[in-house]
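Engineer: need a structure here:
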Amino acid sequence: MLERIESHIREKGLIAPGAEVLCLVSGGADSTCLWHALGELGYRVSALHIAHGLRGAESDEDARFCRAAFDAEIIEAPNTLKLGSTEAELRDLRYSFATDRLRATGHTASDQVESVLLGLVASGSPQRIKPKREDGVVRPLLGVWREEVRTWCDERGVPYRDDSSNPGTKRGLIRDEILPLLEQLDSRARASLLSLADERPRLPRALERTLAELLADREGSRAADLGGGVRAVREYDTLRLEGTLTWGPWTLESERSGLEVRGRRPGDHLAGRRKKVQDLFVDAKVPRSERDSWPVVVHGEDVVAVPGVAEAPGWEGAVTWRR
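Structural biologist: The predicted structure is shown next:
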């Protein structure tokens, strides 16, 4: 299983070899496996536990366990948090801490399947857990199943805790009742649902209609607002997107077509220059902990801008940014 985790990390470019990574731990099997597995793979791991305090003594024991098992830093959640807070609210709270460090969570392939089902039921489109979020949070365990994680811990005698509130959640309902029924229909149900997470996401239907209408008439020029600060501009038979893109704390804008934003990759260098992006970060004194989540603007295979650091010759001012 360690080989599969490492393969997933390398394939998705989640963590540089031997890098520091902060595991967001709850004390459950998934985050416990995450902390131990990354350590065994040679990463320099530390741990952070957000004490929500929503389950009284059980929550207190979770915090004590995480401190003892992982030497975790414990952060008390704001007392405005209430029992019944949504999963999204709790997630946003967890991700609001330690944003200056590379953070990892213990999401597994089982969580991915649950997200796919939740999305299909709610909107007709699968939700997806990204291997790497725009704010740099990574998910190294997405290539393994929850039961594999538990077995891995059990075989090594690694203790973990179970959350008594899980069965009462939507994910608990999927896990305990819906998926077992689907697997009675077809044993391939989980694998089939997981494959939906790898498909290219479809545009929302309203957005599809807007673009279809924009493309229906090829005469003259026309523009349409796509929302989120982005608009589509058609000039005869050419379509381009203009507007704003958010990448973690960054807001990027450009009127040039064909640009993409991604994280840095080994060997990246600025177009027209020999200097590597890594060296540009060093020269600009960008903290090591921020480099993997820093936006890199590319045109095809060429790096044309590293916001706040450097621009390629001929691309000066092509991208504007604020942070």
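Engineer: Find the least confident helix or strand in the chain, judged by mean pLDDT.
Structural biologist: The helix or strand of the chain with the poorest confidence is strand 238-247; it has a mean of 72 (mean pLDDT, DSSP states H and E).
Engineer: Give the pairing partners of whatever helix or strand comes next after it; include direction for each.
Structural biologist: Once strand 238-247 ends, the next helix or strand along the chain (criterion: DSSP states H and E) is strand 250-254. Pairing partners of strand 250-254, with direction, according to DSSP bridges: strand 238-247 (antiparallel), strand 319-322 (antiparallel).
Engineer: I'd guessed residue 170 sits against residue 119; true?
Structural biologist: No. Using C-beta atoms under 8 Å, residue 170 is not in contact with residue 119, being 11.6 Å away. Backbone N, C-alpha and C define where each C-beta goes, glycine included.
Engineer: For residue 27, the count of nearby residues, please.
Structural biologist: Using other C-beta atoms under 10 Å, residue 27 has 25 neighbouring residues.
Engineer: go on, the one 10 residues further on?
Structural biologist: Burial of residue 37 is recorded as 23 neighbouring residues (other C-beta under 10 Å).
Engineer: The one 10 residues further on now?
Structural biologist: By other C-beta under 10 Å, the residues close to residue 47 number 22.
Engineer: With residue 244 instead?
Structural biologist: Residue 244 is flanked by 14 other residues according to other C-beta under 10 Å.
Engineer: In terms of helices and strands, where is residue 46?
Structural biologist: Assigned by DSSP H and E, residue 46 falls in strand 44-51.
Engineer: Tell me which helix or strand comes right after that strand.
Structural biologist: Next in sequence after strand 44-51, counting helices and strands by DSSP H and E, comes helix 57-70.
Engineer: mind listing what's buried in that next one?
Structural biologist: Within helix 57-70, the residues scored as buried using 16 or more other C-beta atoms under 10 Å are 59, 62-63, 65-67, 69-70.
Engineer: From the residues you listed, pick the one nearest residue 44.
Structural biologist: Closest approach to residue 44 among these (C-beta to C-beta): residue 70, at 13.3 Å.
Engineer: Pull the contacting residues for the closest residue to that closest one other than its chain neighbours.
Structural biologist: Spatially, and ignoring its direct neighbours in sequence, residue 70 is nearest to residue 47 (3.7 Å; C-beta to C-beta, 6 or more residues apart in numbering). Contact analysis of residue 47 by C-beta atoms under 8 Å, 6 or more residues apart in numbering lists 22-25, 35, 66, 70-73.
Engineer: Now, of these, which are buried?
Structural biologist: The buried subset of the contacts of residue 47 - by 16+ other C-beta under 10 Å - is 22-25, 35, 66, 70, 72-73.
Engineer: now, which of those residues lie within helices?
Structural biologist: Among those, the members found in helices (DSSP state H) are 35, 66, 70.
Engineer: Now tabulate those residues in TSV and tack on distance to residue 298.
Structural biologist: What follows is those, written out as TSV (distance: C-beta to C-beta, whole Å):
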residue	distance to residue 298
35	34
66	39
70	37
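Engineer: Tell me which stretches of the stretch 201-323 of the chain form strands.
Structural biologist: With strands called from DSSP state E, counting those that start in this stretch, the stretch 201-323 of the chain shows them at 221-227, 230-235, 238-247, 250-254, 259-262, 296-299, 302-306, 310-311, 319-322.
Engineer: Let me have the ones you listed in JSON lines, adding distance to residue 6 as columns.
Structural biologist: Shown next, in JSON lines, are these (distance: least, C-beta to C-beta, whole Å):
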{"stretch": "strand 221-227", "distance to residue 6": "39"}
{"stretch": "strand 230-235", "distance to residue 6": "37"}
{"stretch": "strand 238-247", "distance to residue 6": "27"}
{"stretch": "strand 250-254", "distance to residue 6": "30"}
{"stretch": "strand 259-262", "distance to residue 6": "22"}
{"stretch": "strand 296-299", "distance to residue 6": "24"}
{"stretch": "strand 302-306", "distance to residue 6": "27"}
{"stretch": "strand 310-311", "distance to residue 6": "32"}
{"stretch": "strand 319-322", "distance to residue 6": "34"}
